[in-house]
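S.K.: Here you go, sequence then predicted model.
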Amino acid sequence: MAANAREYRYSNRDFMTSGNLARDLDWATREHELNHAGEASRYRQEERPATRVRSKAQEEALVRERQSVSVVTVLGFAAVAVMAVMMLLSYIQLTALSADTVALKSQLNALEAQQVVLTAQHERMFDMSTVKEIASAAGMSKPSSSQIYYLDLAGEDSAVVYQTEKNNLFNHVLSSLHSGIYTAVEYFN
C-alpha cells in the first residue's frame, strides 16, 4: 500500500509544478473529496437538544437586579452639564461683544468723518477777518487802558470751615457701605 501511495504521488503530473510556481497544497483535500463524493459521512451529526421551556418563576429568578447609580456619578454628570451650559453662555456673550465691537467701530468711523466736516465748518465760522468785521459792526472795540484792572494775588490763600462732621465708627461703616453699593451698581450698569 505504501508503494501504491508513493507511485500515485509521483506518477500524477497534474499536481507537480516546475519552475518558480508554488506547489498546490490543497491537492490531497480535493482528491479525497472527489473520491468520496456522494458517500454518507462517517461522523454522526450531533443532535441538538430540545429547547427547554422555562416557567415564569424561573424567568423572574433570571432577571438581573436593578443596579443603583452612584451619587458621585450623578454629581459628575450634573457638573459637566453645568459647565457645558456655562461655556455656551460665554460663547453667546463673546459673540454679542464681537457684534457690539463691530457696531462701535463703524460708529467710530462715521463720527471721525463727521468730525472732519465739523472742524472745517468751525474754521470757516471763526475766520479772524470775519470776526473783526462783525465786532466792529456791533460797536465793539479793543479795551482802553482805563478799562483794564490788575489783581494782586501774592497773598496766601485761606479758607474757613464753619461746620465739621464727627467721624465715628457707624458713619464710617455707613459711608463705606454706600460707596460699595454705588460701585457695584455702576459696574453692572
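M.R.: Arrived safely.

S.K.: now the helices: where do they sit in the chain?
M.R.: Counting by DSSP state H, the chain has helices at residues 2-11, 27-35, 56-62, 71-125, 128-137, 169-188.

S.K.: ok and the longest one relative to helix 128-137, angle-wise?
M.R.: Angle of helix 71-125 versus helix 128-137, following axes from the mean of the first three to the mean of the last three Cα atoms, to 10 degrees, is 60 degrees.

S.K.: Rebuild the helices of the chain as CSV, extending it with mean pLDDT and mean neighbour count.
M.R.: Glycine gets a C-beta too; all of them are placed from N, C-alpha and C. Formatted as CSV, the helices of the chain follow (pLDDT from 0 to 100; neighbours: other Cβ atoms under 10 Å):
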stretch, mean pLDDT, mean neighbour count
helix 2-11, 54, 9
helix 27-35, 82, 10
helix 56-62, 65, 9
helix 71-125, 94, 10
helix 128-137, 85, 10
helix 169-188, 85, 9
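
S.K.: any chance of those in a markdown table, with distance to Val160 too?
M.R.: Rendered in a markdown table, the data for the helices of the chain read as follows (distance: least, Cβ to Cβ, whole Å):
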| stretch | distance to Val160 |
| --- | --- |
| helix 2-11 | 135 |
| helix 27-35 | 125 |
| helix 56-62 | 100 |
| helix 71-125 | 44 |
| helix 128-137 | 43 |
| helix 169-188 | 23 |
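
S.K.: out of those helices, nearest to Ser145?
M.R.: helix 128-137 (19.4 Å; Cβ to Cβ).
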